[in-house]
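[1] can't give you the sequence, but here's the structure:
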């Protein structure tokens, strides 16, 4: 009888259902949804795109889409925020003599990094949409609003200053504004003219260098 009870206990203790998703897989799903959303927004417009269509493009249910994002416009946020931690790390590791305009050169030269990833053309199309889509514009500006404290912490760490010191706060605001202005300038004036991905990458890198150089000069 004891052996039988033990056998029953072992058989009923087996896990049932699917194993929980890892954080890495959740991040992958979020990025897949983001890419699908942008593709649909670009091809047919934001108003004509539904959560059901976004889910179908990825192979997930609309319930899954809304589990990860509160609105269809917010689906694009992973593409916009992917480089924040990378850029903050660049600021933290910047050498004292290194010109600000050269800060992101290594990241653009290395295809493995997020800034040089395959989504650059997609993000450029998305940024162009923020001109005419208020919901997307709000997400775009929110991304930079959330990035600024991360940049300020990185600059404070590098300088050995308290996190609430005004100097890194102001520096982060200037740096953040330069980045946003550069990406918008590229998306609105240059992105469509590049004949291939390599040229587009070089043009965006040059636009960022110019913007960061101007920011480093300060206000005359």
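    Received the coordinates, thanks. Computed from a predicted model, the values in this text were never measured in an experiment. Numbers count the residues shown, from 1 in each chain.
[2] quick one: mean pLDDT over the lengthiest helix in the chain.
    Secondary structure of the chain per DSSP state H: the longest helix is helix 134-159. Across helix 134-159, pLDDT averages out at 94.
[3] tell me the angle of the helix or strand following it relative to helix 134-159?
    Later in the chain than helix 134-159, the nearest helix or strand by DSSP states H and E is helix 166-189. Helix 166-189 runs at 140 degrees relative to helix 134-159, counting by axes from the mean of the first three to the mean of the last three CA atoms, to 10 degrees.
[4] in helix 166-189, what counts as buried?
    Residues of helix 166-189 classed as buried: 168-169, 171-172, 174-176, 178-180, 182-187 (neighbour count, 16 or more other CB atoms under 10 Å). In this view, the C-beta of every residue, glycine as well, is placed from N, C-alpha and C.
[5] which helices and strands does the longest helix of the chain pack with?
    Packing contacts for helix 134-159, counted by 3 or more CB pairs under 8 Å, 6 or more residues apart in numbering; DSSP states H and E, involve helix 77-81, helix 84-93, helix 120-129, helix 166-189.
[6] mind putting those helices into a markdown table with mean pLDDT and distance to residue 34?
    A markdown table is the format used below for the helices and strands packed on helix 134-159 (pLDDT from 0 to 100; distance: least, CB to CB, whole Å):
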| stretch | mean pLDDT | distance to residue 34 |
| --- | --- | --- |
| helix 77-81 | 87 | 4 |
| helix 84-93 | 87 | 14 |
| helix 120-129 | 78 | 9 |
| helix 166-189 | 92 | 17 |
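[7] quick one: which of the ones you listed is nearest residue 160?
    Closest approach to residue 160 among the helices and strands packed on helix 134-159 is made by helix 166-189 (10.4 Å; CB to CB).
[8] tell me the helix or strand right after that closest one.
    Per DSSP H and E, the first helix or strand lying C-terminal to helix 166-189 is helix 197-217.
[9] what lies in contact with stretch 135-153?
    Applying CB atoms under 8 Å, 6 or more residues apart in numbering, the contact partners of stretch 135-153 are 41, 46, 71, 73-74, 76-77, 80-81, 84-85, 87-88, 91, 126-127, 129-131, 163, 168-169, 171-173, 175-176, 179-180.
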